[in-house]
Each structure stands twice: as structure tokens, then as C-alpha cells.
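1. mind folding the following:
(one chain, ligands or ions: 1)
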Amino acid sequence: MKISANNPQRKSWLSVAKNSDFPIQNIPFGVFLTKDDIITIGTRIGDSAIDLGALHQLGYFKDIPLTDDIFLQDTLNDFIADGRKTWRLVRNRIAELFDENNSELKNNEDHKTHVIFTMDEIEMQLPVDIGDYTDFYSSKEHATNVGIMFRGKDNALMPNWLHIPVGYHGRSSSIVVSGTPIRRPNGQTLPVGETQPVFGPSKRVDMELETAFITTAANKLGESIPVDEADEYIFGMVVFNDWSARDIQKWEYVPLGPFLGKSFASTISPWIVTMDALEPFRCESPKQEVSPLPYLQQKRSDNSYDIKLQAILETENGDKNLLSSSNFKYMYWTMAQQLAHHTSNGCNVRTGDMLGSGTLSGKTKDSYGSMLELTWAGKEPITLKDGSTRIFFNDGDNVILNGYCENEEVRIGFGECTGKIFPAK
Ligand code: CA
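-> Take a look at the predicted model:
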């Protein structure tokens with residue numbers, strides 16, 4: 001089925017600023033609370049939030065086989081479970097309805113008051129009930145940087161890294177939507193030079209500049225997904241800040257890996273941008289220097305996406321300091337390889353599962369995706385516009401991640417993924 005929603009020539013009768021992340025070609029999906037305290041599934045064009053529950057009740061999706069309450073839900077899980085054909089039909093229909101040449105809704109003032117809200121009239125919610133969250137470690141630059149810091153240059157990459165998309169099972173209960181305050185975690189750490197651990201507020205709260213993808217039910221327990229079919233099961237992507245407490249992490253992580261240093265919070269951007277919307281921004285993934293085993297070999301080579309990513313630190317005086325400019329396309333292992341690997345042992349992936357890319361660092365220092373790398377484990381503090389310095393984040397710091405794709409015709413963005421750090425309890 002054609003993705004007519006991606007037509008770059010299309011214009012909407014809703015106003016869209018030139019540099020908006022949300023032109024009519026985007027049509028992401030999210031969940032929001034209206035000013036009347038009604039929760040609904042919606043989309044966004046420009047700065048207008050569109051209530052898909054109301055649109056469906058008014059009959060605008062009558063030609064698409066959908067259950068009556070599919071959009072009157074507090075999560076996208078049921079819609080995601082309907083599969084790619086339905087996602088595509090709905091996106092195509094929304095594009096048609098909001099096309100400047102379509103008057104069905106454009107000229108119906110009564111319907112418009114029930115369907116369209118300004119962004120300040122709504123409150124974005126966590127869009128998915130995330131059952132399981134897995135985090136990968138798939139940027140070679142990031143893994144190399146961390147490896148050099150902990151093990152030295154000669155053993156930077158572990159022997160498995162070029163053969164396996166390394167990952168671990170994360171915690172889904174503490175994944176929050178953009179704007180949710182981040183409480184500095186307490187935890188057990190071993191202060192440098194000491195032999196006895198202490199318990200208290202983490203002194204090394206860090207970000208991880210990542211993206212994540214959301215799946216639909218992919219495989220039954222005991223079955224696996226072939227790598228060349230894996231894309232079929234990916235609904236869309238978000239920008240993702242996988243907060244980390246490096247001092248807690250450092251003391252606890254041997255031998256079972258990340259635990260409380262990672263599970264206190266992870267923030268996602270509120271709108272899930274569909275893989276269909278990102279299709280025009282496919283690009284080659286990095287050449288894999290060691291040929292992966294057959295179950296990870298992909299036929300097509302344009303398995304990545306050119307998504308520009310930024311991390312910004314907003315201090316309490318309102319200054320915005322650019323910390324990092326990275327790109328999703330630096331990721332060594334592709335999302336399809338991650339998903340194929342994840343299910344290769346028969347582990348079942350369900351609708352609403354979320355898989356994180358791992359910190360996305362580029363080759364140059366201005367593209368590193370964590371403070372750990374940007375300050376080289378605290379040895380090279382960053383000086384901010386207000387003259388203060390940071391090794392890791394202070395209370396009151398607001399960390400803003402964003403992501404967008406752009407070509408000559410269209411810009412497709414994710415909006416912001418923000419979290420402000422509050423003092424430990
Ligand atoms: Ca991570």
C-alpha cells in the first residue's frame with residue numbers, strides 16, 4: 001500500500017510554521033489529556049493537537065476497519081497491535097482530511113471545535129503501556145569511548161561487540177514522558193580512594209542521548225524473527241534520554257550489569273514518529289567491519305535513518321547550552337538486527353515493548369551523547385554560558401534532547417524530550 005501521507009507536495013489547511021517538526025507529512029501518534037480531562041489518542045499538525053477519538057466518533061474513519069473505541073484509550077497499545085496496514089490507512093486518511101484541498105472537516109466549524117486543540121490546551125501523556133524495555137549498546141563510538149575510559153585503548157571494545165548487538169533488560173515502570181521532573185537518585189557508591197561504600201544522593205547524574213523504537217507483537221514464545229522481516233514489527237520511534245547515575249552504576253554493575261544506576265528514570269518524547277514517516281530518510285548504516293553471523297545479515301543496506309540529534313542543557317537562568325550534536329545514522333547495529341537478535345533465542349516481543357538504541361555518539365567530541373564522554377569521566381569540565389562548569393548535572397538543570405530529519409522538501413521531527421533534575425529526597 002502506498003504511503004500517500006508522505007507526499008512532500010501536500011499542504012495542510014492547518015497552519016504549520018516553516019521549521020515545525022510536525023508538518024502534515026509527519027502525523028505522529030500520541031496520547032493526551034484535553035482541557036475537559038478526557039484522555040484520547042491524537043496526532044499533531046503544526047501546533048494543533050488533533051483528537052482522533054473525536055474524529056472517529058464523528059465518522060471520519062468509517063472506511064477503515066477499526067473498533068469503535070480504538071482511539072478512546074489511554075495508550076496506543078491496541079492501535080499498535082492492529083499492525084502496519086492499519087497504521088498506514090489511518091495516517092493516509094489523516095493526511096487526506098487535513099489536506100488544504102479537502103473541505104470535509106475544514107468547513108465544519110462545529111466538528112473542528114471537538115477535534116482540534118492548541119498545544120497549550122492539552123497535556124501529553126506517556127503514549128504506550130511499555131511492557132518490557134530493552135537497552136542496546138549499539139554505537140561503536142560510544143562503546144569505544146567507554147571502553148577506553150574503563151579498560152584502556154587496547155581493550156576498548158570487548159571481543160563480543162562486533163558480533164552481537166550487546167544489550168540488557170531495563171526497567172519499564174520508570175519510563176516517563178517528556179517534562180516529568182527527574183528526582184536525583186539516592187544510592188550506594190564507593191567514593192574514590194575509599195574502601196567502604198556510602199549511601200546518599202548520586203553525584204554523577206548523566207544523560208544518554210538515544211532513540212528508542214516501539215514494537216507490535218512480533219513473535220510467539222519459542223519463535224524468532226528473521227532479520228529481513230524485522231522492520232514489519234516496528235511501529236515508530238521516539239527520542240529517549242536514558243538517565244544514568246554513573247557513581248551508582250560503577251559500584252554495582254559487576255557482574256550482572258546495570259541496575260539501580262539506570263532504573264530511577266528514563267524519559268521519552270511524547271509523539272511516536274512512525275517508520276512510515278521516516279521512510280524518506282533511510283540511509284546506509286555503517287559498514288560492519290566483521291561480517292555478522294547469517295541470522296544478522298540483512299539483504300538491503302539502507303537500514304539506517306538520517307536523524308539529527310541534539311542535547312541541550314538549560315540552566316536555571318534560562319541559558320541554553322548546546323552539549324552535543326549527534327545522529328542516529330552513526331549506530332553500528334541496525335534496529336532490525338537488534339530485534340532479530342532479541343528474538344533469536346525465542347524470546348517473545350510484545351506490542352508496546354520499547355528497545356533503546358544505546359547512547360548515540362559520533363566520532364568527534366562535539367557529538368558525544370553522554371556527559372561521561374563529553375567530560376571524559378569528569379576530567380574535562382564543560383564551561384557554560386553563565387561561567388559555571390559541569391562534570392555531570394546539577395539540581396535545577398533542564399536537559400533537552402531533540403531530533404529531526406530534513407531534506408530539500410520536508411522536515412520530520414520528534415519535538416522535545418526534556419527532564420529537569422530535582423534534589424534527592
Ligand atoms: Ca542506555
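
2. please make it C-alpha for all contacts and neighbour counts, starting now.
-> Noted.

3. any idea how far the lengthiest strand in the chain is from the middle of the chain?
-> Longest strand in the chain by number of residues (criterion: DSSP state E): strand 411-422. Computed by C-alpha atoms, centre = their mean, to the nearest Å, the separation of strand 411-422 from the middle of its chain amounts to 10 Å.

4. which of the residues in the lowest-mean-pLDDT helix or strand in the chain are buried?
-> Using mean pLDDT, DSSP states H and E, helix 140-151 stands out as the lowest-scoring helix or strand of the chain, at a mean of 93. For helix 140-151, burial by neighbour count (16 or more other C-alpha atoms under 10 Å) applies to 140-148.

5. which residues in the stretch 51-200 of the chain form strands?
-> All strands of the stretch 51-200 of the chain, identified by DSSP state E, counting those that start in this stretch, fall at 116-118, 123-125, 133-136, 167-169, 175-177, 182-183, 186-189, 198-201.

6. ok, back up a step: now do the longest strand of the chain, average pLDDT.
-> The average pLDDT within strand 411-422 is 98.

7. partners of it, with directions?
-> Sheet pairing for strand 411-422, assigned by DSSP bridges, gives strand 182-183 (parallel), strand 398-406 (antiparallel).

8. winner for burial among those strands?
-> Of those, the one with the most neighbours on average (mean count of other C-alpha atoms under 10 Å) is strand 398-406, at a mean of 24.

9. residues touching it, excluding its own?
-> 21, 207, 209, 239-241, 278, 281, 306-316, 411-421 (C-alpha atoms under 8 Å, 6 or more residues apart in numbering).

10. any chance of TSV for the strands paired with strand 411-422, columns distance to residue 340?
-> Converted to TSV, these look like this (distance: least, C-alpha to C-alpha, whole Å):
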stretch	distance to residue 340
strand 182-183	33
strand 398-406	25
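
11. could you export these as JSON lines, including mean pLDDT and distance to residue 109?
-> What follows is those, written out as JSON lines (pLDDT from 0 to 100; distance: least, C-alpha to C-alpha, whole Å):
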{"stretch": "strand 182-183", "mean pLDDT": "98", "distance to residue 109": "41"}
{"stretch": "strand 398-406", "mean pLDDT": "98", "distance to residue 109": "33"}
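
12. sorry, back to before: now, among the buried residues of helix 140-151, which is nearest to residue 223?
-> Closest approach between those and residue 223, by C-alpha to C-alpha: residue 140, at 29.0 Å.

13. quick one: end-to-end distance for stretch 285-296.
-> Taking C-alpha to C-alpha, to the nearest Å, stretch 285-296 runs 14 Å from one end to the other.

14. can you check stretch 64-78 too?
-> For stretch 64-78, the first-to-last residue distance is 15 Å (C-alpha to C-alpha).

15. model confidence over it, on average?
-> 97.

16. so what touches that stretch?
-> 29-31, 39-42, 52-53, 56-57, 79, 86, 89-90, 126-129, 351-352.

17. ranges for the helices of the chain?
-> 52-57, 77-81, 84-97, 109-115, 140-151, 246-252, 275-278, 335-343, 371-374 (DSSP state H).

18. confidence score at residue 241?
-> For residue 241, the model assigns a pLDDT of 98.

19. roughly how far apart are it and residue 425?
-> Taking C-alpha to C-alpha as the measure, residue 241 falls 22 Å from residue 425.

20. sorry, back to before: turn the strands of the stretch 51-200 of the chain into TSV, columns for distance to residue 288.
-> What follows is those, written out as TSV (distance: least, C-alpha to C-alpha, whole Å):
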stretch	distance to residue 288
strand 116-118	45
strand 123-125	38
strand 133-136	17
strand 167-169	18
strand 175-177	31
strand 182-183	37
strand 186-189	37
strand 198-201	41
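
21. quick one: low-confidence ranges for the stretch 1-150 of the chain?
-> Regions of the stretch 1-150 of the chain meeting the criterion pLDDT under 70 are absent.

22. for residue 375, which non-adjacent residue is closest in space?
-> Spatial nearest neighbour of residue 375, excluding adjacent residues (C-alpha to C-alpha, 6 or more residues apart in numbering): residue 381 at 5.3 Å.

23. quick check: that neighbour touching residue 390?
-> Yes. With contacts counted by C-alpha atoms under 8 Å, residue 381 reaches residue 390, the gap being 5.5 Å.

24. in contact with residue 251, which residues?
-> 188-190.

25. 10 Å - rerun?
-> 187-191, 197, 258, 261 (C-alpha atoms under 10 Å, 6 or more residues apart in numbering).

26. and it, how close does it get to residue 222?
-> 35 Å.

27. quick revisit: just say which of the strands of the stretch 51-200 of the chain is most tucked in.
-> Most buried among the strands of the stretch 51-200 of the chain, counting by mean count of other C-alpha under 10 Å: strand 175-177, with a mean of 22.

28. what about it, average pLDDT?
-> 98.

29. what's that strand packed up against?
-> strand 123-125, strand 234-241, strand 266-268, strand 411-422 (3 or more C-alpha pairs under 10 Å, 6 or more residues apart in numbering; DSSP states H and E).

30. let's see 8 Å
-> strand 266-268 (3 or more C-alpha pairs under 8 Å, 6 or more residues apart in numbering; DSSP states H and E).

31. mind checking which of the strands paired with strand 411-422 is nearest residue 5?
-> Among these, the nearest to residue 5 by C-alpha to C-alpha is strand 398-406 (16.2 Å).

32. give me the angle between the closest one and strand 234-241.
-> Per axes from the mean of the first three to the mean of the last three C-alpha atoms, to 10 degrees, the angle that strand 398-406 makes with strand 234-241 is 140 degrees.

33. one step back: selecting buried members of the contacts of stretch 64-78 in ChimeraX, what would you type?
-> Buried residues among the contacts of stretch 64-78 (16+ other C-alpha under 10 Å), as a ChimeraX selection:
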select :29,30,31,39,40,41,42,52,53,56,79,86,89,90,126,127,128,129,351,352
